[in-house]
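Participant: curious how this folds, go ahead:
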Amino acid sequence: MLKPHPAILRRLVEEYEEVMHRESREPVSRPGRRAQDLAYTLCVTMGTRDVRRAVAEARRQVAAGNEPMAGGAPVGA
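Facilitator: Numbering: from 1, shown residues only. This is a model prediction of the structure:
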């Protein structure tokens, strides 16, 4: 299985979390198109259908690759 570069994962997770945070402040019942696209990309990249698992695994791989994550501690820390 191919492993994505930690810097790419870091950017995907940070953008996904930023979009979700921005959307959480708006009275919308479902995620917007960009959030859906990022969630899909994370899930495909991490080989799962659950975006929470995808984000957690991406954070783990970023931490293992020594790429710093903004906005939170790596999973398992």
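Participant: hmm, Y16 and A35 touching each other?
Facilitator: Yes. In this structure, A35 is within contact of Y16 by C-beta atoms under 8 Å, at 7.0 Å. (Each C-beta comes from the backbone N, C-alpha and C, glycine too.)
Participant: stretch 60-68 - what's its average pLDDT?
Facilitator: For stretch 60-68, mean pLDDT is 78.
Participant: OK, contacts around the closest residue to K3 other than its chain neighbours?
Facilitator: Closest residue to K3 apart from its sequence neighbours, by C-beta to C-beta, 6 or more residues apart in numbering: Q61 at 7.1 Å. Residues near Q61 by C-beta atoms under 8 Å, 6 or more residues apart in numbering: K3, P4, P6, L9.
Participant: count the residues that sit near the residue nearest to V19 when sequence neighbours are not counted.
Facilitator: Counting by C-beta to C-beta, 6+ apart, V19 lies nearest to A35, which is 4.7 Å off, once chain neighbours are set aside. A total of 20 residues lie near A35 under the criterion other C-beta atoms under 10 Å.
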